[in-house]
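Undergrad: this one's structure only:
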């Protein structure tokens, strides 16, 4: 039997892989999408793992980037079953001493809460929101566009002028802690900025962390932290339905063992078991960078300089996640946390610095910083009436990920941190499910030891340095092979931009100016990876 042949093979059916397949199919390409697991979604999946009737999001849960992403928005996933739900308030911070701070959907209400805690902070919040509103659309285009983002940059410059552009440049270099102290007097908005910055792996005092915290709190104020009605898997299913409606052939339970390379070009893939899928035009990979280059392509097809740079590739920290089925709502001390879908807890603003310092030197933070999700508060379909489907996750050093005793100690620390701000919590737990770092990787190979973002968000691994020194684009040194996962710019998060950018790059290399584009890419790579 001859090999199956299509225009493109997409490896990995996470959100980025699904978006890439959709974009190619919409352009008229014949596309085969292969996924190692038995269902699509990657780190966007849900199941009943605690108790019957309690839906748990196995990995990611809240999706502000998806709600704001022009890529996801333009796919019309509502026609394929996706419905967004939102908690009464998007995000809160519960302090160890019983206080709380919250972002409401109404900016004036958020400002009033901050003003009540510290005079002047309400106006400061509204100024920040107004600044976000002024740059929102061109800024999101810039963030999601391959490097160099010329058109989006010009649009943003037209909106901000030189003075505003310099302010944004300063924000991009600022730490979250510094931004909070420059803008606010009270600890509430400061902790919300810093806590949201820690959704990345940048330390609160680290350059560049401000933009992550600012982006997420502004998205919380803008689109909220929405969830798919019925579970995260509904988002993945909607993407699959959209892909199949465009003509994509989706094949689950089909792990790829090799990207076939001949004459310096990607020609298809070989599946476990030996079946070959040929690609006339391109192979797009929604997998981690180390896995793509070392495991699937192989060192013999890659420049020595790239292999050297891969030795320096840095993952983000490991993650541990605990899921609970509760027989009642969480008994928060801070009223601000009761209606919030996402709650940060375990540390105050100063304590978050200590957490990052512990992770940097390989210590398990004690107490931990916990990101806590109230899923039934956000979506009433997640568990029976009067109950709560909840989860909490925290980061641990990668070296501790394989130690069962360390994992169990962290679980105890997480539950103690919740108990501190919600006395009586443990008495409401009817079932618990723990996913250690190795468990997360076992369910999704892209989550190396529970790393969520495809590699560190540090400045040394961003733009033209993501995932290694390169072009800041999806093209790889192997012609016809495109990196479509979170290891590529703009990085982690469910926004679809990595897959979209890879698809656009593949289409342009096959267009009218394709030969010129391919020649330019070859020249650029040869200069970037030239041996000294």
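TA: All right, it came through fine. The structure displayed is predicted, hence computed values, not measured ones.
Undergrad: need phi/psi at the residue lying closest to residue 57 once chain neighbours are set aside.
TA: In space, and not counting its chain neighbours, residue 57 is closest to residue 232: 4.1 Å by Cβ to Cβ, 6 or more residues apart in numbering. For the C-beta atoms, the positions are set from N, CA and C on the backbone; glycine is no exception. Torsion angles at residue 232 (phi, psi; degrees, to the nearest 10) stand at phi -60, psi -30.
Undergrad: pLDDT value on residue 232, please?
TA: For residue 232, the pLDDT comes out at 98.
Undergrad: residues contacting it?
TA: Residue 232 makes contact with 41, 44, 45, 46, 57, 58, 59, 60, 61, according to Cβ atoms under 8 Å, 6 or more residues apart in numbering.
Undergrad: against residue 42, how distant is it?
TA: Distance, residue 232 to residue 42, by Cβ to Cβ, to the nearest Å: 10 Å.
Undergrad: residue ranges in the chain under the pLDDT threshold?
TA: 1-2, 532 (pLDDT under 70).
Undergrad: could you chop it up by domain?
TA: 4-43+233-313+452-528, 85-227+315-443 (automatic domain parsing).
Undergrad: any chance of these in a markdown table, plus mean neighbour count?
TA: Putting the domains of the chain into a markdown table (neighbours: other Cβ atoms under 10 Å) gives the following:
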| stretch | mean neighbour count |
| --- | --- |
| domain 4-43+233-313+452-528 | 21 |
| domain 85-227+315-443 | 20 |
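Undergrad: can I get the ones you listed in CSV with distance to residue 51?
TA: Shown next, in CSV, are the domains of the chain (distance: least, Cβ to Cβ, whole Å):
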stretch, distance to residue 51
domain 4-43+233-313+452-528, 18
domain 85-227+315-443, 4
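Undergrad: of these, which approaches residue 66 most closely?
TA: domain 4-43+233-313+452-528 (4.7 Å; Cβ to Cβ).
Undergrad: got the end-to-end distance for the closest one?
TA: The straight-line separation of the ends of domain 4-43+233-313+452-528 (Cα to Cα, to the nearest Å) is 35 Å.
Undergrad: residue 71: which of the domains of the chain is closest?
TA: domain 4-43+233-313+452-528 (4.1 Å).
Undergrad: isn't residue 373 up against residue 344?
TA: No - the criterion here is Cβ atoms under 8 Å, and residue 373 misses it with residue 344 at 10.8 Å.
Undergrad: please name every helix or strand in contact with the helix or strand harbouring residue 502.
TA: Here residue 502, judged by DSSP states H and E, is contained in helix 497-509. In this structure, helix 497-509 makes packing contacts with helix 15-26, helix 121-144, strand 276-285, strand 481-483, helix 514-528, judged by 3 or more Cβ pairs under 8 Å, 6 or more residues apart in numbering; DSSP states H and E.
Undergrad: mind doing that once more with 7 Å?
TA: Judged by 3 or more Cβ pairs under 7 Å, 6 or more residues apart in numbering; DSSP states H and E, helix 497-509 is in contact with helix 15-26, strand 276-285, strand 481-483, helix 514-528.
Undergrad: what sits against the closest residue to residue 251 other than its chain neighbours?
TA: Spatial nearest neighbour of residue 251, excluding adjacent residues (Cβ to Cβ, 6+ apart): residue 34 at 4.9 Å. Neighbouring residues of residue 34 by Cβ atoms under 7 Å, 6 or more residues apart in numbering: 9, 11, 251, 254, 256, 269, 271, 277.
Undergrad: ok so, going back, kindly reformat the helices and strands packed on helix 497-509 as CSV containing distance to residue 222.
TA: Converted to CSV, those look like this (distance: least, Cβ to Cβ, whole Å):
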stretch, distance to residue 222
helix 15-26, 20
strand 276-285, 31
strand 481-483, 29
helix 514-528, 35
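Undergrad: distance-wise, check residue 313 relative to residue 464.
TA: Applying Cβ to Cβ, one obtains 15 Å for the distance of residue 313 from residue 464.
Undergrad: related to what we said a few turns ago, quick one, which of the helices and strands packed on helix 497-509 is nearest to residue 431?
TA: Using Cβ to Cβ, the helices and strands packed on helix 497-509 put helix 15-26 closest to residue 431, at 28.5 Å.
Undergrad: what sits up against that closest one?
TA: Residues from elsewhere that reach helix 15-26 (Cβ under 7 Å, 6+ apart): 8, 10, 31, 33, 40, 42, 44, 71, 75, 239-240, 242-243, 246-248, 284, 286, 484-486, 494, 496, 498-500, 502-504, 506-507.
Undergrad: now swap in stretch 523-532 and tell me
TA: 303, 304, 305, 306, 469, 470, 471, 477.
Undergrad: let's go with 10 Å and repeat that
TA: 302-309, 464, 468-471, 473, 475-479 (Cβ atoms under 10 Å, 6 or more residues apart in numbering).
Undergrad: is it true that residue 8 lies in a strand?
TA: Yes - under DSSP: H, G, I helix; E, B strand; the rest coil, residue 8 falls within a strand.
Undergrad: for residue 280, see how far away it is.
TA: Per Cβ to Cβ, residue 8 is found 8 Å from residue 280.
Undergrad: got any residues that touch both of the two?
TA: 29, 30, 268, 480, 510.
Undergrad: which single one of these is nearest to residue 164?
TA: Closest to residue 164, out of all of the shared contacts of residue 8 and residue 280 and judged by Cβ to Cβ, is residue 510, at 38.4 Å.
Undergrad: what residues are up against the nearest residue to residue 347 once chain neighbours are set aside?
TA: Leaving aside its sequence neighbours, residue 347 sits nearest to residue 369 (Cβ to Cβ, 6+ apart; 4.9 Å). Residues near residue 369 by Cβ under 10 Å, 6+ apart: 194-195, 198, 344-347, 351-352, 354-356, 358-359, 394-395, 414, 417.
Undergrad: ok, residue 96 to residue 161 distance?
TA: 43 Å.
Undergrad: hang on, residue 530 in a helix?
TA: No - secondary structure of residue 530 (three-state DSSP): coil, not part of a helix.
Undergrad: count of neighbours near it?
TA: Using other Cβ atoms under 10 Å, residue 530 has 9 neighbouring residues.
Undergrad: please report phi then psi for it.
TA: According to degrees, to the nearest 10, residue 530 has phi -60, psi 130.
Undergrad: distance of it from residue 473?
TA: Distance check for residue 530 against residue 473: by Cβ to Cβ, it reads 18 Å.
Undergrad: what's the answer for residue 293, then?
TA: According to Cβ to Cβ, residue 293 and residue 473 sit 16 Å apart.
Undergrad: my guess is residue 437 contacts residue 402. True?
TA: Yes - under the criterion of Cβ atoms under 10 Å, residue 437 makes contact with residue 402 at 7.7 Å.
Undergrad: overlap in contacts of the two?
TA: 318, 449.
Undergrad: helices of the stretch 301-450 of the chain, start to end?
TA: Using DSSP state H, counting those that start in this stretch, the helices found in the stretch 301-450 of the chain span residues 304-310, 349-360, 375-378, 404-421, 437-443.
Undergrad: so which of those gets nearest residue 168?
TA: helix 349-360 (23.8 Å).
Undergrad: now do that closest one: which elements does it pack against?
TA: Using 3 or more Cβ pairs under 10 Å, 6 or more residues apart in numbering; DSSP states H and E, the elements in contact with helix 349-360 are helix 176-183, helix 187-197, strand 388-396.
Undergrad: how about the ones you listed in CSV, adding distance to residue 124?
TA: What follows is the helices and strands packed on helix 349-360, written out as CSV (distance: least, Cβ to Cβ, whole Å):
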stretch, distance to residue 124
helix 176-183, 5
helix 187-197, 8
strand 388-396, 30
